[in-house]
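Asker: I would like to see how this sequence folds:
(one chain, ligands or ions: 2)
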Amino acid sequence: MTKTADQKERGDIFQAPFLREMCATASNMYRLGWDERNGGNISYLLREEEVAAYLDLNKVIRTIPLMGVNAVNFDISPLIGKYFIVTGTGKYFKNVEGDPETNLGVVRIAKDGKNIELLWGYKDGGRPTSEFPAHMMSHIARLKVDPENRVVIHSHPTNTLAMNFVHELDEKKFTHTLWEMCTECIVVFPEGVGVLPWMLCGTSEIGEATAKKMEEFRLVVWAMHGIYGAGKSLDETFGLIETVEKAAQIYMLTAHLPRINTIKDADMLKLLELFKVEKYRRDFLDL
Ligand code: 13P
Ligand code: ZN
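Answerer: Ligands and ions are numbered 1, 2, ... in the order given. Model (predicted):
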């Protein structure tokens, strides 16, 4: 088949940096044991020109209703016309890298605010993650705080999850314990970690609650389920979750042992000063 001039100008999407990065992130999350089976999901806001470099923006493969586990009704209007690459519902993170076209999709939020338009992917008839409402509402919330925000990641990191069962779920106490576990924690997430109680996943309700927390935190723990992270890039967002998970691992390795030493709050203040972090949750420190 001969290619049209238009097709020739476009690059091979399998080589697109955003696709390669999605694959690498999913593989790393799987490798670290954070995302068993279909656990976890990623959404990455793409610029129109980024997508146009690889896909025909006028070629909609399928129109898919906006859904969580069931039909949802939330206001997605701030994202109308925006493009995302999103992991598919029920898709295994371990398979993303080997078959991105089945496990990922590039979608555009339709003008009616009720559907999404599939431009590429979900080859087996799939659709975006059941956590789409929480992802989209989190994007809306984060974009208000940081216009550069592009990524939302949900994951089930093992030690973070384990910590939920043995540590109080109070935001201040949870954050403070994490800050105490690794020297760099307070510098990496000075705004702390938001915590939601256990809630039904895949619903608009958990989406709304997550987005509300995202107004002040880039990290939100879903008690006894996992964590949400948001950031400017896949690297930044992955790094946030990775840092929480490392701190939670140190906690789980030491929680049952007598604590002889700790990083003091006064030391944390010195770190904030050294790294010139001006905005932090001072009320989460015991000064
Ligand atoms: P999906 O397979 O729909 O992305 O759901 C996985 C998950 O982690 C639900 O919270
Ligand atoms: Zn989950």
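Asker: tell me which parts of the stretch 151-287 of the chain are close to ligand 1?
Answerer: In this structure, the stretch 151-287 of the chain approaches ligand 1 at residues 154, 201, judged by CB under 6 Å from any ligand atom. Quick note: C-beta positions are derived from backbone N, CA and C, even for glycine.
Asker: please redo it, this time with the cut-off set to 5 Å
Answerer: Contact residues of the stretch 151-287 of the chain with respect to ligand 1, defined by CB under 5 Å from any ligand atom, are listed as Cys201.
Asker: Contacts only, for the residue in the stretch 151-287 of the chain positioned nearest to ligand 1.
Answerer: Per CB to the nearest ligand atom, the residue of the stretch 151-287 of the chain with the smallest distance to ligand 1 is Cys201, at 4.2 Å. If a contact means CB atoms under 8 Å, 6 or more residues apart in numbering, then Cys201 has 69, 130-131, 134, 222, 225 as its contacts.
Asker: which of those residues lies closest to Asp283?
Answerer: Checking the contacts of Cys201 against Asp283 with CB to CB, the nearest one is Trp222 at 22.9 Å.
Asker: mind checking how far the nearest residue to that closest one once chain neighbours are set aside is from Gly202?
Answerer: If the residues on either side of it in the chain are set aside, Trp222 comes closest to Leu196, at 5.5 Å by CB to CB, 6 or more residues apart in numbering. The span separating Leu196 from Gly202 equals 14 Å under the rule CB to CB, to the nearest Å.
Asker: Thr183 now?
Answerer: Here Thr183 is placed at a distance of 37 Å from Gly202 (CB to CB).
Asker: Settle it for me: which of these two has more neighbours?
Answerer: Gly202 (19 against 12; other CB atoms under 10 Å).
Asker: mind pulling up the phi and psi values for that one?
Answerer: Summarising the backbone geometry of Gly202 under the convention degrees, to the nearest 10, its torsions are phi 70, psi 10.
Asker: what does stretch 172-185 rub up against?
Answerer: Identification of contacts with stretch 172-185 by CB under 8 Å, 6+ apart yields 163, 167-168, 186, 189, 192-193, 195, 221, 243-244, 246-248, 250-251, 262-263, 268, 271, 281, 283-286.
Asker: Count the neighbours of Glu97 for me.
Answerer: Other residues within reach of Glu97, judged by other CB under 10 Å, total 17.
Asker: cool, Asn70 as well?
Answerer: The number of residues packed around Asn70, counting by other CB under 10 Å, is 9.
Asker: List the residues that contact it.
Answerer: For Asn70, the contact set (CB under 8 Å, 6+ apart) comprises 202-203.
Asker: And it, how close does it get to Phe84?
Answerer: According to CB to CB, Asn70 and Phe84 sit 21 Å apart.
Asker: now do Pro100
Answerer: Pro100 sits at a distance of 14 Å from Phe84 (criterion: CB to CB).
Asker: Over to Thr237?
Answerer: Here the criterion is CB to CB. By it, Thr237 lies 14 Å from Phe84.
Asker: Buried ones in the helix or strand where Ala230 lies, by neighbour count?
Answerer: Under the criterion DSSP states H and E, the helix or strand holding Ala230 is strand 226-231. For strand 226-231, a neighbour-count test (16 or more other CB atoms under 10 Å) marks 226-231 as buried.
Asker: Same check on stretch 73-87?
Answerer: Taking 16+ other CB under 10 Å as the neighbour-count basis, stretch 73-87 is seen to contain the buried residues 74, 76, 79, 82-87.
Asker: can you name the two of those residues that are farthest apart?
Answerer: When the buried residues of stretch 73-87 are compared pair by pair using CB to CB, the two farthest from each other are Phe74 and Ile85, 20.8 Å apart.
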